[in-house]
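**Q** have a look at this prediction, sequence included:
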Amino acid sequence: MTYKSDYLQTLQRRGYIHQITDAEGVDARASKPGLMAYIGFDLTGPSLHVGHLMSIMMLRRLQQHGGKPIALMGGGTTRIGDPSGKDTQRQLLDNDTIAANKASIRRVFERFLTFGDGPNDAMMLDNADWLLDLNYVEFLRDYGRHFSVNRMLTMDSVRLRLDREQPLSFLEFNYMVLQSYDFVELNRRYGCVMQMGGSDQWGNITMGVDLGRRVAGAELYGLTTPLITNADGSKMGKTAAGAVWLNADMLADWDYWQFWRNVDDRDVGKFLRLFTDMPDDEIARLEGLEGAEINDAKIVLANAATTLCRGAHAAEAAEATARATFAEGGAGEALPHVSVPFPIALVDALTATGLAASKGEARRKLGENAVRLDGEPVSDPNHLISGPARLSLGRKRHALLVK
RNA sequence: GGAGGGGUGGCCGAGCGGUCAAUGGCAGCAGACUGUAAAUCUGCCGGGUUUUCCCUACGUUGGUUCAAAUCCAACCCCCUCCA
């Protein structure tokens, strides 16, 4: 459909919209300033990853269009565990771990959102603030009666588990109840009227919308984003090394930049639209580049995405290093520095830098002529390296050996 | 509760007394080709050891045997059908 509000127009044009509970209603609301919307984030790990970037960018877009975004930390719900998309109960996290994860995760939001008390400032809240002190019996009387178990059983998150005859504990069964209550509580406390999230959250979101109408007569909205896949069909954001973490202490700036630099040709335009603030016409131009020239677009993407998440300095350093390493065959400061005792045998240097997982693998790679020292092919496992040098495995993986 | 079937390397999935570190596929890594892309082809793909040697591994624990992922027993878990 065609939207009137700048916000939804942008979301649609940029590819963020999967489903909306009431598109006209959201459009009307978004046409006025101050639309308040939230997205919840689980605190199951010490950092968010690229898979969460869609959600974060949704909040950023909202702020850019005059709305007030809320990043909701799931300090309470993480103690329950969202059963969506999982076959088994997740290991329950203890409170200290959740608190540590929250402290670690919250910093990344400051790069994407401007926090404060103004009508257009972002807020960070924690549902532990209202979930932990709930009185069980009162809660059941006030809210539990609005939940139909019949309906809950039809929710994907529940039904899929039951259909596969996988166990679903009562604890997990309650997750959607608490998430629904979050929405109502955010509406009551702050006037928040919209919840956004990934497409897997649709069921949880619509239950919140319904609950709000039933207990408070509130008109609430929900909007989900599509699952982003790579052009080859794989899930976006996974690499051999694991998740692409947003936190700098979990993944080096260099590797973060490289992740974006190496996306599939066919994904460049899509990713520029979703994960950068690049204007549409510029993206269209970059997308139109042919053949090897598309590398320029990837560099733009890598710089923009890295600048957003890690800062302009990190992006510049990574680009300079990439130029020095790949275009000039030298080395750049952003390459990983690995401290080793000189002299060191080639095999040991390969394992010390992590370029090879074991000595056996190191020997194999040497046999495959995949290893270079300062750009020169080497093959003798026992070759002694006497001082600082650049060690490379293949074309892409490099490390600087330092004292 | 009864009757069957099954648990194998990151995943899927063969093997069913020695020649099994275990066919094959996927994923991954490297090489060629390129553009730090895709596709394709080739090689590698538990660990150690300069290498037909050792260690670890086929749900768990014991046992039989010169020898077990393969046979036996007990236990744990999963699936299907019946009640």
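**A** Right, received. Where do you want to start?
**Q** contacts and neighbour counts: CA atoms only from here.
**A** Will do.
**Q** which secondary element of chain A has the worst mean pLDDT?
**A** strand A:238-239 (a mean of 68; mean pLDDT, DSSP states H and E).
**Q** show the subsequent helix or strand relative to it.
**A** Using DSSP states H and E, the helix or strand that follows strand A:238-239 in sequence is strand A:242-243.
**Q** give the next helix or strand downstream of that following strand.
**A** Next along from strand A:242-243, by DSSP H and E: helix A:253-261.
**Q** just want the angle from the helix or strand that that next one is followed by to helix A:253-261.
**A** For helix A:253-261, the following helix or strand on the C-terminal side (DSSP H and E) is helix A:268-275. Per axes from the mean of the first three to the mean of the last three C-alpha atoms, to 10 degrees, the angle that helix A:268-275 makes with helix A:253-261 is 120 degrees.
**Q** can you give the domain ranges for chain A?
**A** For chain A, the structural domains run A:6-225, A:252-327, A:337-402, going by automatic domain parsing.
**Q** could you list the contact residues of the stretch 251-400 of chain A toward RNA strand B?
**A** A:258, A:261-265, A:290-295, A:319, A:322-323, A:326-327, A:357-361, A:363-365, A:368-370, A:382, A:393-397 (C-alpha under 7 Å from any atom of the strand).
**Q** checking residue A:219 next. Helix, strand or coil?
**A** coil (DSSP: H, G, I helix; E, B strand; the rest coil).
**Q** okay, it: pLDDT?
**A** The model reports residue A:219 with a pLDDT of 95.
**Q** ok, it - contacts?
**A** Contacts of residue A:219 were listed using C-alpha atoms under 8 Å, 6 or more residues apart in numbering, and they are A:193, A:209, A:212, A:213.
**Q** apply 10 Å and report the result again.
**A** A:25, A:187, A:193, A:194, A:209, A:210, A:212, A:213 (C-alpha atoms under 10 Å, 6 or more residues apart in numbering).
**Q** mind putting those into CSV with distance to residue A:140, neighbour count and pLDDT?
**A** Supplementary listing: those in CSV, determined by distance: C-alpha to C-alpha, whole Å; neighbours: other C-alpha atoms under 10 Å; pLDDT from 0 to 100:
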residue, distance to residue A:140, neighbour count, pLDDT
A:25, 30, 14, 95
A:187, 19, 20, 97
A:193, 24, 23, 97
A:194, 24, 26, 97
A:209, 18, 24, 97
A:210, 16, 20, 96
A:212, 15, 24, 96
A:213, 17, 14, 96
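**Q** nearest to residue A:303, of those?
**A** Nearest to residue A:303 among the contacts of residue A:219: residue A:194, at 31.9 Å, using C-alpha to C-alpha.
**Q** please enumerate the helices of the stretch 101-250 of chain A.
**A** A:128-131, A:136-142, A:149-152, A:156-163, A:170-173, A:175-190, A:202-216 (DSSP state H, counting those that start in this stretch).
**Q** contacts for the second one next, please.
**A** Read it as helix A:136-142. A:134, A:143, A:144, A:145, A:146, A:147, A:181, A:215.
**Q** output the below-cut-off pLDDT ranges for the stretch 151-300 of chain A.
**A** Judged by pLDDT under 70, the stretch 151-300 of chain A has its weakly predicted residues at A:162-167, A:238-241.
**Q** let's see 50
**A** The stretch 151-300 of chain A contains no residues with pLDDT under 50.
**Q** so for residue A:269, what's the nearest residue that isn't a sequence neighbour?
**A** residue A:287 (5.3 Å; C-alpha to C-alpha, 6 or more residues apart in numbering).
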